[in-house]
Each structure stands twice: as structure tokens, then as C-alpha cells.
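Asks: When you get a sec, could you give me coordinates for this:
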Amino acid sequence: MANIGREELSGAHDTEVPQRFLDLMLSGWREEGIDTAPAPHVEHLARRRALLSAAFPGDTLVIPTGNVHSRTFGAPYLFRGGSDFLWLTGDTDPDSVLVLHPAATGHDAVLYARPRSDTASGAQYLDRGDGEIWHGRRLAPAEKTAVLQIETAPLAELGAVLDKLAGSDRARVLRGYDASIDGGLAPGALPVTAENVARDALLAAVLSELRMDKDPWEIAQLQQAIDATVRGFEDVARRLPAGRAVPERHVEGVFAWRARVEGNGVGYSSIVGGGPRSTILHWQRNSGAVEPGGVLLMDMGVENVHGYTADVTRVLPVSGTFTTAQRDVYDIVHAAHDAGLAVIRPGAELTEVGAVCTRVLAEGLAGLGLLKGSLDEALDPATTAYRRWTLHGFGHMLGLDVHDCGHARPEHYARGVLRENHVLTMEPGLYLQQHDELVPAELRGIGIRIEDDVLVTADGNSVLSAGLPTAAPEVESWLADQRAAGPREPV
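Replies: Next up, the predicted model:
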């Protein structure tokens, strides 16, 4: 059953339904057809399921997408499916569950999904949590089979499948998405033991590791999301005044308009930091003001209609030109950014990329007078003094999640090796807090992060977000050009 929140289930605000009204609602509905042409990426979906099948021969794999949750009384959040589930099925509806059943050769994949609302019983109206009059037309199981090219069965049949798995040591469940699935297999029917926890954790890890290699369709989706993000940054620059303050929420709202017009919305909560808030790594309140003379740090990304997200950060000089202090910090980060890009290639270790970026940042901090002693002392793992001002690593994987493939094992990710068709971010930064007395007064309150989305190619890399400049003079010229062009007309 859909997790629609206790307010929908309580019926506390329902009025009585007269029989004559119910009779009226049971008839007179025309059946509307729907396009059931196969989705454009069905071949990729099937190939991904085959990869997962090969990783776990003989095991039954249960992968739910999750449920609808409510923000407050009667107001559900917009549903967004679990990324592993989306990667395997392409199904965007809540409550669905993919099961890979062991077969003579590999697995038989079955998608268990909600059926259409029953017009004969009045469920399309009476069921406020699931009725199509309330929430819109959805695909019947047979229609999903046609569109997604996967066997589809009614969700009601899933219970019997889970019952048969009770106590099995050959069942693996992607946990944390659907409480009814977790509860159906544990802790009662399938005890929570160290062995079971490790078995299920391996499924999550392997899914993340398989998702690290992006296929051509995924790369195209990421490029689409990134291109929309570039236009969103242009929209902001065209509406950013040079001579007066504007709320950070103004910037956030301008970008959100682009994200919703060209995609599902933002891929994560936008970070819009004016002036000293540029130094706050995860500033998402966006409740301050963008002031002339300061910098504006924007970390934002569009999620496209298939769930792939961009993740781009740029820093603009609000008045049009970086001050000397701002430029000094900016150029250090830009040098680290370019040095890191030069290392990204198939076979490069992620630790190697990080070390290159870190050394450039540390050299810059020493040049600013912030690091004392030798550079080797500052970089010593026993001290890592530079981290006071760098805060984070050089980047992360990118895809259906902004921090993609997060369950991958360290030997495949943090200590792993880059391969062709990996997509990751390059985002070094320096954050000189306003209240940090180890920082010279003229440098305090300056935060710089330069973040690009990068595809690993056969002979190096390609910057997918190259539509936005990174070098300081080019940023200044770009901002001037955008302001001169003026706001775009709504589309």
C-alpha cells in the first residue's frame, strides 16, 4: 500500500458519500488510450539488469523504488524514485518493486506495480491516496510491459513472493526505500543478523559500482542537464544587478525557474552564498543578500526529466570585477582546478587527483601566509593543516544522484581507479571564514569554489560544463556579456 501519510488514511476531513453520488461516479467514464511505444533506453535498461544478474547468480534480488511521503497534512512531496531502481527499470511511479527471480539462465525480471484505478468500484475517486482522479492517469501493468519492455505484474502479487523468501539465505534486498518491504523480510521472517546485513549491503554496493560506468544514453542525459544548468546560470547573470543588493532567494528563484522549465527541477537544494556566506560549504538557507563589491558563490544543478543531475559551481564578482584579494584567492583555486583536470584520465587513481589539487591549494595558502612551516609539514597526514581552509575533497561521481554511487566500496571509489565513461566533478575550493583570526583581515569572508562536470574519455577527459568559463578574466567578460544581453523572455 502506498505510504501516503496518516492524514490521508485517517479520513478526518472526508464528508459522507451519498449512495446516489457514488452511483453517479461508477459509470460514464470513457477509456482513454495512451502511448505505449517503447521507451528510448529500453535496451540499456535490459543490459543493466543483465549486469546485475551476472553479479548474483542464483540469488533473488528485491529492489524497491520507495513511496510517497507527506510534507504536512494533506500535502505530499513530489515523488522521485530510487536511483538504483530507476537505473534498472525506467519506471517513475511510486511503490513499484523490481524482483530478479533466479532462472535456468540468469534471472527473470518482474516489475511489481500498482494497477489502474478501478472505475467500477469508484476507487478512482474514493481512494484519495491512489485514485487517478486525484493523482492522474497511470500505466496499467500491461502498458508498462510495453513501454519498459519488462514483465510487469500487479503489486498485490508481491506479498506471496516475499513470503516465499522468508528465511532464505539466497535473498538480497535493497533496504531503506520501502518500510513495507524491509518489514516483510526482517526482522521477523528474515532475522537481522550480521550475515544478512552484509548480504544486503553487498547488493547496494554492487549496484553503485555498476552505475559508475555511464552508457551513451546516460552521458547524453547528463549533457542535457548540464546544458540546461548553463542556461540557468546565464539567466541569473542577466538578472544580477551590479549596483544594488538583491536577496539570495532572488538568485535561487531565477535558477529554479529554468530547472523546472527544462527538467524535473533542481537536482539538490541550491547553494547561493553572497559575500561571507560564500565560505559556508552547505549554505542552503539562502536568506541573505548579494551585495555589490562582494562575491557570489552559486552551486546549482538541473535534474532532467529522466533523473540525471548536473552539479556546477561558479563564483561571480557582483560589481563586475574581482578585487585584488578576491582575485588572489580565486586564482589559487583555478590553478588547483586546472591541475586536477590535467590528471583525469583512464587509469588515474582518485587519490592521485586529490593529491595534485591539494598540493596546489596548499602552495597557494602558503603564499597567502596562512600555512606556517614547510609545505611538507602542512601536507603531513598527521597534521593536514591545510584542511582548515579547504574543507573537502576534489570531487565525486555524478549521475542519477548528485553524489552518485555512494554505496560503492572504497576500493572501487575513494581508493579506486578512473575508467572511460566515468563522470565526476572537479571542485576544489578555499573558504576563508569571516571569523577566522588566522586569516588576514582583507581575505576574510571570501569563499571560492570552481566546479565542473567531467567525462573521462579514452585519452583524457572532456569538460561537459565548459559552456561556463572558469578563468577570472573570462568570468568577468562573461558576466558583462550576460548583463548586456538582458533577461530572456519566458518560454
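
Asks: For the stretch 251-400 of the chain, which segments count as strands?
Replies: Counting by DSSP state E, counting those that start in this stretch, one finds strands in the stretch 251-400 of the chain at the ranges 265-266, 271-274, 289-290, 295-300, 302-303, 312-317.

Asks: could those strands go into CSV alongside distance to residue 337, mean pLDDT and mean neighbour count?
Replies: C-betas here are computed from N, CA, C, even on glycine. Formatted as CSV, the entries for the strands of the stretch 251-400 of the chain read as follows, by distance: least, CB to CB, whole Å; pLDDT from 0 to 100; neighbours: other CB atoms under 10 Å:
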stretch, distance to residue 337, mean pLDDT, mean neighbour count
strand 265-266, 23, 98, 18
strand 271-274, 18, 98, 26
strand 289-290, 23, 98, 22
strand 295-300, 14, 98, 26
strand 302-303, 22, 98, 28
strand 312-317, 10, 98, 24
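
Asks: Report the rounded mean pLDDT for the helix or strand where residue 476 lies.
Replies: Take DSSP states H and E as the rule and residue 476 turns out to sit in helix 472-485. Average pLDDT, helix 472-485: 98.

Asks: how much does that helix deviate in direction from strand 312-317?
Replies: Helix 472-485 runs at 80 degrees relative to strand 312-317, counting by axes from the mean of the first three to the mean of the last three CA atoms, to 10 degrees.

Asks: Output the contacting helices and strands for helix 472-485.
Replies: Contacts defined by 3 or more CB pairs under 8 Å, 6 or more residues apart in numbering; DSSP states H and E place helix 472-485 against helix 216-238, strand 312-317, helix 324-343.

Asks: Show me what the helix or strand following the first one is in contact with.
Replies: Using DSSP H and E, the helix or strand that follows helix 216-238 towards the C-terminus is strand 246-247. Among residues not part of strand 246-247, those counted as contacts by CB atoms under 8 Å, 6 or more residues apart in numbering are 240, 286, 287, 288, 289, 290.

Asks: can you name the two of these that are farthest apart?
Replies: Within the contacts of strand 246-247, two members stand farthest from each other by CB to CB: 240 and 287, at 17.6 Å.

Asks: From the helices and strands packed on helix 472-485, pick the one with the highest average neighbour count.
Replies: When the helices and strands packed on helix 472-485 are scored by mean count of other CB atoms under 10 Å, the highest mean neighbour count falls to strand 312-317 (a mean of 24).

Asks: For that strand, what is the distance to the chain centroid?
Replies: Strand 312-317 sits 20 Å away from the centroid of its parent chain (CA atoms, centre = their mean, to the nearest Å).

Asks: same deal with stretch 122-141?
Replies: Between the centre of stretch 122-141 and the centre of its host chain there is 29 Å, according to CA atoms, centre = their mean.

Asks: for stretch 211-224, same thing?
Replies: Relative to its chain's centre, stretch 211-224 lies at 13 Å (CA atoms, centre = their mean).

Asks: can you map out the strands along the stretch 51-200 of the chain?
Replies: Listed in chain order, the strands of the stretch 51-200 of the chain (DSSP E, counting those that start in this stretch) span residues 60-64, 70-72, 75-76, 97-102, 107-113, 151-154, 171-173.

Asks: Can you lay out the ones you listed as TSV showing mean pLDDT and distance to residue 489?
Replies: What follows is the strands of the stretch 51-200 of the chain, written out as TSV (pLDDT from 0 to 100; distance: least, CB to CB, whole Å):
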stretch	mean pLDDT	distance to residue 489
strand 60-64	96	43
strand 70-72	86	33
strand 75-76	86	32
strand 97-102	97	43
strand 107-113	97	41
strand 151-154	96	43
strand 171-173	92	50
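
Asks: Checking the residue positioned nearest the centre of the chain next. Helix, strand or coil?
Replies: Among the residues of the chain, the one closest to the centroid is residue 401, at 2.8 Å (CA atoms, centre = their mean). Going by DSSP: H, G, I helix; E, B strand; the rest coil, the secondary structure assigned to residue 401 is coil.

Asks: ok, it to residue 462 distance?
Replies: Residue 401 sits 21 Å away from residue 462 when distances are taken as CB to CB, to the nearest Å.

Asks: ditto for residue 409
Replies: Residue 409 sits 27 Å away from residue 462 when distances are taken as CB to CB.

Asks: so what's residue 281 up against?
Replies: For residue 281, the contacting residues are 391, 392, 429, 431, by CB under 8 Å, 6+ apart.

Asks: Nearest residue to the third one in space, please, no chain neighbours.
Replies: The spatially closest residue to residue 429, leaving aside those adjacent along the chain, is residue 449, at 3.4 Å (CB to CB, 6 or more residues apart in numbering).

Asks: mind giving me the domain split of this protein?
Replies: Following automatic domain parsing, the chain resolves into domains at 6-211, 216-485.

Asks: Most tightly packed of the ones you listed?
Replies: Using mean count of other CB under 10 Å, the stretch among these with the greatest mean number of neighbours is domain 216-485 (a mean of 19).

Asks: Stretch 22-30: end-to-end distance?
Replies: Stretch 22-30 has an end-to-end distance of 17 Å (CA to CA, to the nearest Å).

Asks: what about it, average pLDDT?
Replies: 86.

Asks: wouldn't residue 96 be in contact with residue 155 here?
Replies: Yes. Proximity of residue 96 to residue 155 meets the contact threshold set by CB atoms under 8 Å, at 7.2 Å.

Asks: From the chain's centroid, how far away is the helix holding residue 476?
Replies: Taking CA atoms, centre = their mean, one finds helix 472-485 lying 29 Å from the centre of the chain it belongs to.

Asks: what is the orientation angle of it with helix 216-238?
Replies: On the basis of the same axes, to 10 degrees, helix 472-485 is oriented at 70 degrees to helix 216-238.

Asks: May I have helix 472-485 exported as PDB, CA atoms only?
Replies: Extracted as PDB, the C-alpha positions of helix 472-485 are listed here (Å, rounded to 0.1, in the frame of the first residue of the first chain):
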ATOM      1  CA  ALA A 472      38.900  35.100 -13.700                       C
ATOM      2  CA  PRO A 473      39.200  37.400 -16.800                       C
ATOM      3  CA  GLU A 474      36.800  35.200 -18.800                       C
ATOM      4  CA  VAL A 475      34.300  35.100 -15.900                       C
ATOM      5  CA  GLU A 476      34.300  38.900 -15.800                       C
ATOM      6  CA  SER A 477      33.800  39.200 -19.500                       C
ATOM      7  CA  TRP A 478      31.100  36.600 -19.500                       C
ATOM      8  CA  LEU A 479      29.200  38.400 -16.700                       C
ATOM      9  CA  ALA A 480      29.400  41.700 -18.700                       C
ATOM     10  CA  ASP A 481      28.200  40.000 -21.800                       C
ATOM     11  CA  GLN A 482      25.200  38.400 -20.000                       C
ATOM     12  CA  ARG A 483      24.200  41.700 -18.400                       C
ATOM     13  CA  ALA A 484      24.400  43.400 -21.700                       C
ATOM     14  CA  ALA A 485      22.200  40.800 -23.300                       C
END
